[in-house]
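Engineer: Sharing a sequence plus its predicted fold:
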2 protein chains.
Amino acid sequence: MKSPAASSSIEDYVKVIYSFTEWQDKPISSTQLAQRLGVANSSVSEMVRKLKDLGLVDHKPYSAVTLTEAGRGLALTVVRRHRLIETFLVEELGYAWDEVHDEAELLEHAVSETFVDRLAAKLGHPTRDPHGDPIPDADGALELPAARLLSELDEGHHGSITRISDDDPELLRYLSREGIDVDTHVEVGPRKPFSGALQVLVSTADGGAGHPAELGEQALHALWVADDTPHEGCTLA
Amino acid sequence: MKSPAASSSIEDYVKVIYSFTEWQDKPISSTQLAQRLGVANSSVSEMVRKLKDLGLVDHKPYSAVTLTEAGRGLALTVVRRHRLIETFLVEELGYAWDEVHDEAELLEHAVSETFVDRLAAKLGHPTRDPHGDPIPDADGALELPAARLLSELDEGHHGSITRISDDDPELLRYLSREGIDVDTHVEVGPRKPFSGALQVLVSTADGGAGHPAELGEQALHALWVADDTPHEGCTLA
DNA sequence: CAATAGATTTCGGTCCACCTAAAATAAGCC
DNA sequence: GGCTTATTTTAGGTGGACCGAAATCTATTG
């Protein structure tokens, strides 16, 4: 049940490969992998060969990389560790949203399975981390909420934020200042003529009249909105 | 104030060098260092040269290794991390005494200064870890309790256990079964004729009549007793 | 005081993950 | 179909930390 123990590089590779397809289907290319890991393309080539030898990925030369079942299993344990640690940092140690990612990145390679299980128990077996990402359970099962990228929604749609990509701490701080958090309710407004920025109506927690926020491309691709209301529901009532 | 960030090997080396002299004065030799780190002597030689170049140790060829001020400073931060993590594992995650050492060993190299500070705050800035070892504060100051090795005490002495070496989990489990913990009060009894084992009277927590335990060489060198009562105190009262 | 046993260091050599530069391949375009 | 461009792989090389074997030093001790 337990493989020989992957190096932390190996864990990072499968984690990134997994994450890339968590919210969309296209598999990751070498170059994208290299960018996300911050290493040279050549390093990825070598490492992918090793991962293939280990049976963690499928790969034909010059094409995209996908996880095998074993690879996906490993990735899920890494992701579970990462997200539980993030949750712990926010809930127990008072970290802010935008501070947790890097810390978790390091810790996730240093904790034992026992640690993770006990941490999960202490936190009450949470199913989402502070950014709304689902936390796989100990068996690797996870529930992906149905959600769409904010950038794909048309004017008039509304729903609550389900997930916020934690790639860029700077963006997280901006969103924080605009009052946008996981579970915040938003309504999509009009596109600004040339800037491409989108107006969004952000509801206050108490249900009062929302205030507007302007979101650029970067933000639109980092926010996911739950598919709760195809609008009819409201119109009919 | 912060050096470039030592590798985890470097941290391990200075930690072991420091620990060796924490409760006695003789400096550590290459071979002892190699044994405690589980590496070959030749590896130690090389690494000590590097540590010397980094200004962390003093070392003349063919003699013992000692820490410089900088080295001691680094060692203290590592020891602080280690002991705070052990405390956390026991108090917050329900680890047993004998389980924490290895886990802390890994984690201590993966946590940031911020993490350590927040953890310390959450735990209420403890000054001793679960084995009774002193936890240095953020500035590297620590209070070493006056204590003597149980093996050095004569029959009739008594006092409370201040520190229990956590080198051997097996021993920790034995002591646990015998009801010996940090702060347990003990009285030194007679040596058993040939076995060399020592009889010790272990007080129960509520002050009731103690029960005897037999401790061999290994245990006698792992237990430290506070210097609280040179016996007169009691006789005079 | 010379011989030797034990500790320590030096000397090649390994493995891992990374790099740059150069070569090979795939894909788009005229 | 052939050319160019962009992606991907190979080749050769680095630094960190480790190893075993061989050389060297220290310290004893006869």
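Structural biologist: It's in.
Engineer: Around the closest residue to residue A:196 other than its chain neighbours, count how many other residues there are.
Structural biologist: Spatial nearest neighbour of residue A:196, excluding adjacent residues (C-beta to C-beta, 6 or more residues apart in numbering or on different chains): residue A:217 at 6.2 Å. Placement of C-beta: from N, CA and C, glycine included. A count of nearby residues for residue A:217, using other C-beta atoms under 10 Å in any protein chain shown, gives 12.
Engineer: near DNA strand D, which residues of chain A show up?
Structural biologist: A:29-32, A:41-42, A:44-46, A:48-49, A:59, A:61-62, A:64 (C-beta under 7 Å from any atom of the strand).
Engineer: Can you flag the buried ones in these?
Structural biologist: Those of these that meet the buried threshold are A:29-30, A:32, A:44, A:48, A:59, A:64, by 16 or more other C-beta atoms under 10 Å in any protein chain shown.
Engineer: what's the farthest-apart pair in the residues you listed?
Structural biologist: A:32 and A:59 (13.8 Å; C-beta to C-beta).
Engineer: what's near enough to touch residue A:169?
Structural biologist: A:98-99, A:101 (C-beta atoms under 8 Å, 6 or more residues apart in numbering or on different chains).
Engineer: try it again with 6 Å
Structural biologist: Contacts for residue A:169 (C-beta atoms under 6 Å, 6 or more residues apart in numbering or on different chains) come out as residue A:98.
Engineer: low pLDDT regions in chain A?
Structural biologist: For chain A, applying pLDDT under 70 flags the ranges A:1-4, A:205-209, A:227-237.
Engineer: need the strands for it, in chain order.
Structural biologist: Counting by DSSP state E, chain A has strands at residues A:57-59, A:65-67, A:147-149, A:158-164, A:185-191, A:198-202, A:211-215, A:223-226.
Engineer: Now the residue in chain A that chain B sits nearest to, what are its backbone angles?
Structural biologist: Relative to chain B, the nearest point of chain A is residue A:110 (3.8 Å; C-beta to the nearest C-beta). Residue A:110 adopts backbone torsions of phi -120, psi 0, taken as degrees, to the nearest 10.
Engineer: thought it was touching residue B:105?
Structural biologist: No: taking contacts as C-beta atoms under 6 Å, residue A:110 lies outside contact range of residue B:105: 9.5 Å.
Engineer: who has more neighbours, those two?
Structural biologist: residue A:110 (19 against 16).
Engineer: what sits against residue A:82?
Structural biologist: Counting by C-beta under 6 Å, 6+ apart, residue A:82 has contacts A:104, A:108.
Engineer: Distance check, it against residue A:94.
Structural biologist: According to C-beta to C-beta, to the nearest Å, residue A:82 stands 19 Å off from residue A:94.
Engineer: Check residue A:144 too.
Structural biologist: 29 Å.
Engineer: How about residue A:223?
Structural biologist: 25 Å.
Engineer: Looking at these two, which is more packed in?
Structural biologist: Using other C-beta under 10 Å, the more surrounded residue of residue A:223 and residue A:94 is residue A:223, with 26 against 11.
Engineer: Hmm, that one is touching residue A:152, no?
Structural biologist: No: the pair residue A:223 and residue A:152 fails to qualify as a contact (C-beta under 6 Å) at a distance of 10.7 Å.
Engineer: Quick one: residues contacting residue A:172.
Structural biologist: Counting by C-beta under 6 Å, 6+ apart, residue A:172 has contacts A:97-98.
Engineer: go again using 10 Å as the cut-off
Structural biologist: By C-beta atoms under 10 Å, 6 or more residues apart in numbering or on different chains, the residues touching residue A:172 are A:96-101, A:130-131, A:164-166, A:180-181, A:222.
Engineer: With residue A:173 instead?
Structural biologist: Counting by C-beta under 10 Å, 6+ apart, residue A:173 makes contact with A:96-99.
Engineer: can you put those residues in JSON lines and add distance to chain B and neighbour count?
Structural biologist: Shown next, in JSON lines, are the contacts of residue A:173 (distance: C-beta to the nearest C-beta, whole Å; neighbours: other C-beta atoms under 10 Å in any protein chain shown):
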{"residue": "A:96", "distance to chain B": "11", "neighbour count": "13"}
{"residue": "A:97", "distance to chain B": "14", "neighbour count": "20"}
{"residue": "A:98", "distance to chain B": "13", "neighbour count": "19"}
{"residue": "A:99", "distance to chain B": "8", "neighbour count": "19"}
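Engineer: Find the pair from these with maximum spatial separation.
Structural biologist: The most widely separated members of the contacts of residue A:173, counting by C-beta to C-beta, are A:97 and A:99 (7.0 Å).
Engineer: mind listing what the residue nearest to residue A:196 touches?
Structural biologist: A:151, A:195-198.
Engineer: if we can go back for a sec, which members of the residues of chain A next to DNA strand D additionally contact DNA strand C?
Structural biologist: A:41-42, A:46, A:61-62.
Engineer: ok, which pair from those residues is furthest apart?
Structural biologist: Checking these with C-beta to C-beta, the most distant pair is A:46 and A:62, at 15.1 Å.
Engineer: What is the burial count for residue A:50?
Structural biologist: Count around residue A:50 with other C-beta under 10 Å applied: 14.
Engineer: and the closest residue to it other than its chain neighbours, how far is that from residue A:19?
Structural biologist: Setting aside the residues directly before and after it, residue A:50 is nearest to residue A:10 in space (C-beta to C-beta, 6+ apart), at 7.7 Å. Residue A:10 sits at a distance of 15 Å from residue A:19 (criterion: C-beta to C-beta).
Engineer: coming back round to it: so the residue of chain A closest to chain B is in contact with residue B:106, correct?
Structural biologist: Yes: taking contacts as C-beta atoms under 10 Å, residue A:110 lies within contact range of residue B:106: 4.6 Å.
Engineer: so what sits against both of those two?
Structural biologist: Contacts common to residue A:110 and residue B:106, judged by C-beta under 10 Å, 6+ apart, are residue B:8.
Engineer: Just the CA atoms of stretch A:87-95, as PDB, please.
Structural biologist: The C-alpha trace of stretch A:87-95 is given here as PDB (Å, rounded to 0.1, in the frame of the first residue of the first chain):
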ATOM      1  CA  THR A  87      -6.300  24.800   6.700                       C
ATOM      2  CA  PHE A  88      -4.300  24.200   9.800                       C
ATOM      3  CA  LEU A  89      -2.200  27.300   9.300                       C
ATOM      4  CA  VAL A  90      -5.300  29.500   8.800                       C
ATOM      5  CA  GLU A  91      -7.500  28.000  11.500                       C
ATOM      6  CA  GLU A  92      -5.000  27.200  14.200                       C
ATOM      7  CA  LEU A  93      -2.000  29.500  13.700                       C
ATOM      8  CA  GLY A  94      -3.800  32.500  12.500                       C
ATOM      9  CA  TYR A  95      -2.200  32.800   9.200                       C
END
